[in-house]
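Engineer: I'll drop the sequence and a predicted model, then ask my questions.
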Amino acid sequence: MPISMTINGKAIQAKEGMSVLDACWANGVSIPTLCHHPDLTPMGACRLCVVEVEKMRGLVASCTLPVSEGMVVHTETPKVVEERKFVLEMLLSDHPNDCMTCEADGNCELQNAVYQYQVPWKPHKGKTHSYPVDGDPNPFVFTDFNKCILCTRCVRACAEIQGRNVWGVANRGFRDKIVAGADVTMLEAGCESCGACAAYCPTGALTDKSSRGSGRAYQMKKVTTTCVYCGVGCQFDLNVKGGKVVKISSNAKAAVNGMALCVKGRYGYNFIHHKDRLTKPLIKKDGAFVESTWDEALTLVAQKFAEAKGDSFAVLASAKATNEENYLIQKFARAVMGTNSVDHCARL
Amino acid sequence: MTNNIADIDNCKTMLVIGSNTTEQHPVIGTRIRRAVRKGAKLIVADPRGIDLANIATLHIRQRPGTDIALLNGLAHIILKEGLEDKEFIANRTEGFDEWRKTVEQYTPARVSEITGISVDDLFTAARLYGGNKPSTIFYAMGITQHTVGHNNVLAIANLAMLTGNLGKPGAGVDPLRGQNNVQGACDVGGLPNFYTGYQRVADDAARAKFEKAWDVKLPPTPGLTVGEMLQAAHDRKVKAMWIIGENVAMSDPDSRHVVESLNTLDFLVVTELFMTETAQLADVVLPAASFAEKDGTFTNTERRVQRVRKAVNPPGEARADWQILCDVANHVSRITNHGAAEWSYNSPSEIMDEIASLTPSYAGISFARIETKGLQWPVPTQDHPGTPILHTEKFSRGKGLFSAVEHQEPAETPDQTYPFTLTTGRILQHYHTGAMTRRVPGLETLAPEERVEVNPDDAARLGLNDGDWVRVTSRRGAVESRAWVTDRVGHGLVFMTFHYAEALTNALTNTAVDPIAKIPELKVCAVKVERASR
Ligand code: SF4
Ligand code: SF4
Ligand code: SF4
């Protein structure tokens, strides 16, 4: 049964069980959020998504409010805007003014909201916290809890997406803090370095360590492709800057995996531009490899292969190569070399 | 996989056997963990205390190489308890009565004796799998890399048919294919007995079709498998080889024999990204483009054909494999003058069109159709939406056939001289022979070296402490590395990976293969373990 309701004076239809936030988003009405993410259980913690609903008292968090018949919602009233500004001011009162060098600049949901509502950063008065920057030895996840807004998206991503329970909230001093396990290192708390927590973190508190300083989100060309490691077939975006793959980021539309990736898929890309890559054909002469031109190498290869035509020749195709390449490999063996001796490491 | 990955959410019971899913297929591992969080039951049948065992409803540790006894034993109990799906058996299968006679021999007491699993646990597992449906079985190389690998797979299919756990949401048999495109490489004919789409080279009609399409006479007899090629090279029957992006000197069993075979060749060409252990043995090494430097498609373990896209240029003069192949093919054709037309593909998209024209299961696939979302084969026509779940109405052969299979001991079992069983596999942080992952600094930080898993009781008897150097010796070779004393492995079992060139595990492994699938028994060989003097 569709539900009829009104958002900012416009009549819309929503599905039963939807939240008011989902209904707004589905109808092109933008509402800023911080603790909310469509993949994760809604929390209603940050209160940035508040709206006014007629016949309801006060402001309500739209992410946890189910739609109901005849509901009348206003998303940008002066009261709403004032509340959102207040939420953001509170967050900024204990947040470094560090966007210049912050890894998340351009990809930060806090920055976007602060910009949208033009909330000024003011020098901090009174008590602020100070946590060690890069305080965790994990080789892939960079932590800076000075930038944490306690939205718990990392906690939920680790539990609900990765099926681990590394992160939790602990009371430390005058403010809560996100901690790994019983305040140990991530790895000690059972972390698999999948990077989901960093991918879901809306600020610069958790970021990818190996791509630090390599480019802003808006400077990257994103190319969607399929992982080269295992057969799950996760997809993600190669982030390219200056002709180099400098980072891999989740692509929420990926058919198999959504935002999830494993440590190899997300962080195992440094081999692409590694100095050990082979860049020229090599021919072994007197036991040592000598660089050659493609012409020389192809001529030699063709001549030797031609001599072995038929069942003196065999080719190993590759479970790493593309379908198109494997197709050509077997066509080469069969149609050009006259042998069916083509196989690959399917059995390994 | 008969079912798609997202279908894991529909399982009520999952039986994971011979798959360390969390480390080999990590994102599928997370899907299984998520299903358990939501209340699905999980049975892990694995000799090792793998990660999934920690959250399993039941973990049973069968002795390596006794999967058939275990699977037949579960079927036996299911029949005894009347948990079979009579309607499914009657309508969708044949050979049931014959098969039943065999599993009747696998009494719980006998199976417990063979596998080392308690009778109680056998009952619990059978009742969960057969009673709490829909159930799906996940398996990987832990099932196939045995001399009885083919029969292991049949035993799994029998169990699924017996309980009607096939062809519906949440009910399936899901082999998890290892490498990113191993499914695709098989699909497009990278096998000695098949053209694309599993059309047989020995079948006259299929051969005639490809002869017409390629305008050339084709050889009618199936070719050699990897293991047979290496043996033929050793025997000087195969004289020239081209190895494209595989590191057989490290990945294949009995490395010493592999290296000898490749060294015996008159001419070896290797196409690679890096100077691997195999490339070093070549006469010519051709520099290839990586996945980020070319266009194409990969087919994943759920049969989904997805795009690979060029993002950057290859380094130096490295080139994409498809371009190298066109050049080599045309050069050879000019010399041998065999008359076929020059290969003149302009792009991988054109090659996919040719695959589609010759392959019924890929017929409806084109780059245009998979631009945003991959399709799961079979995709028989241009407007077919793809096939997430196989066998919903019938099996490829019509009715599903129950095949009686018997327990058989591995080719090599422990004895006085080699008292331990070695089983091999991978870990989360590295991939295969490490050519790519070992060049990623952070992955090396996480997993810098081989660690032989040894059970604490065995370690105590050998006087070994965690981190000590050990020497592992088989009939074929010896390897030294550090020990990890852990109850992840049971008594008498040791585990090693094949990621580390400096601890060449495949120097130890056995080349004995399954007679049908030709898969080597990498999961079981007999070894001796002793403290090393370093
Ligand atoms: S990297 Fe993955 S496993 Fe580790 S804490 Fe983050 S989400 Fe959890
Ligand atoms: S670390 Fe990031 S995701 Fe976690 S609570 Fe803080 S801001 Fe939110
Ligand atoms: S990201 Fe990990 S799980 Fe996904 S395909 Fe790559 S290696 Fe496999």
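Structural biologist: Yes, it's here. Ligands and ions are numbered 1, 2, ... in the order given.
Engineer: Tell me who's in contact with the residue lying closest to residue B:478 once chain neighbours are set aside.
Structural biologist: Distances taken as CB to CB, 6 or more residues apart in numbering or on different chains place residue B:471 nearest to residue B:478, at 5.9 Å, with adjacent residues excluded. Where C-beta positions appear, they are placed from N, C-alpha and C, glycine not excepted. By CB atoms under 8 Å, 6 or more residues apart in numbering or on different chains, the residues touching residue B:471 are B:478-480, B:529-532.
Engineer: And for residue A:274?
Structural biologist: So residue A:274 contacts B:274, B:439 (CB under 8 Å, 6+ apart).
Engineer: Would you double-check that it falls in a strand?
Structural biologist: No. The assignment for residue A:274, made by DSSP: H, G, I helix; E, B strand; the rest coil, is coil rather than a strand.
Engineer: Could you measure from residue A:258 over to chain B?
Structural biologist: 9 Å (CB to the nearest CB, to the nearest Å).
Engineer: In terms of helices and strands, where is that residue?
Structural biologist: For residue A:258, there is no host helix or strand (DSSP states H and E).
Engineer: Next, find the distance separating it from residue A:266.
Structural biologist: 13 Å (CB to CB, to the nearest Å).
Engineer: what's the overlap in contacts for these two?
Structural biologist: By CB under 8 Å, 6+ apart, the residues touching both residue A:258 and residue A:266 are residue A:250.
Engineer: higher neighbour count, those two?
Structural biologist: Taking neighbours as other CB atoms under 10 Å in any protein chain shown, residue A:258 and residue A:266 compare with residue A:266 leading, 25 against 18.
Engineer: Helix or strand: which one has the more buried one?
Structural biologist: Assigned by DSSP H and E, residue A:266 falls in helix A:263-267.
Engineer: Could I get the full set of helices for the stretch 101-250 of chain A?
Structural biologist: Assigned by DSSP state H, counting those that start in this stretch, the stretch 101-250 of chain A shows helices spanning A:109-117, A:153-156, A:196-200.
Engineer: I'd like these as JSON lines, with distance to residue A:17 appended.
Structural biologist: As requested, the helices of the stretch 101-250 of chain A are exported to JSON lines (distance: least, CB to CB, whole Å):
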{"stretch": "helix A:109-117", "distance to residue A:17": "25"}
{"stretch": "helix A:153-156", "distance to residue A:17": "20"}
{"stretch": "helix A:196-200", "distance to residue A:17": "23"}
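Engineer: Pick the most deeply packed of these.
Structural biologist: helix A:196-200 (a mean of 26; mean count of other CB atoms under 10 Å in any protein chain shown).
Engineer: Give me the contacts around it.
Structural biologist: A:37, A:39-40, A:141-142, A:153-154, A:156-158, A:161-162, A:166-167, A:206-208, A:249-250, A:259-261, A:266.
Engineer: one more time with 7 Å, if that's ok
Structural biologist: Here helix A:196-200 makes contact (CB atoms under 7 Å, 6 or more residues apart in numbering or on different chains) with A:37, A:141, A:153-154, A:157-158, A:161-162, A:167, A:206-208, A:250, A:259-260.
Engineer: Low-confidence bits of the chain, can you list those?
Structural biologist: In the absence of a named chain, chain A is used. Chain A contains residues with pLDDT under 70 at A:172-174, A:346-348.
Engineer: oops, chain B please
Structural biologist: B:338-341.
Engineer: tell me the domain ranges of it?
Structural biologist: B:5-176, B:182-376, B:420-531 (automatic domain parsing).
Engineer: Could you do chain A as well?
Structural biologist: Domain segmentation of chain A under automatic domain parsing yields A:3-92, A:126-273, A:282-344.
Engineer: Tell me, how many residues neighbour residue 129?
Structural biologist: All of this is about chain A. Residue A:129 - counted by other CB under 10 Å - has 13 other residues nearby.
Engineer: could you do chain B instead?
Structural biologist: 28.
Engineer: chain center to the helix or strand hosting it, what's the gap?
Structural biologist: In the assignment (DSSP H and E), residue B:129 maps to helix B:119-131. The chain centroid and the centroid of helix B:119-131 are separated by 27 Å under CA atoms, centre = their mean, to the nearest Å.
Engineer: Send me that helix as PDB with only the CA atoms.
Structural biologist: C-alpha atoms of helix B:119-131 as PDB (Å, rounded to 0.1, in the frame of the first residue of the first chain):
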ATOM      1  CA  VAL B 119      28.800 -39.600  15.900                       C
ATOM      2  CA  ASP B 120      26.900 -36.800  17.700                       C
ATOM      3  CA  ASP B 121      28.400 -34.100  15.500                       C
ATOM      4  CA  LEU B 122      27.500 -36.100  12.400                       C
ATOM      5  CA  PHE B 123      23.900 -36.200  13.500                       C
ATOM      6  CA  THR B 124      23.900 -32.500  14.300                       C
ATOM      7  CA  ALA B 125      25.300 -31.600  10.900                       C
ATOM      8  CA  ALA B 126      22.900 -33.900   9.000                       C
ATOM      9  CA  ARG B 127      19.900 -32.600  10.900                       C
ATOM     10  CA  LEU B 128      20.900 -29.000  10.300                       C
ATOM     11  CA  TYR B 129      21.700 -29.300   6.600                       C
ATOM     12  CA  GLY B 130      18.700 -31.600   5.800                       C
ATOM     13  CA  GLY B 131      16.200 -30.100   8.200                       C
END
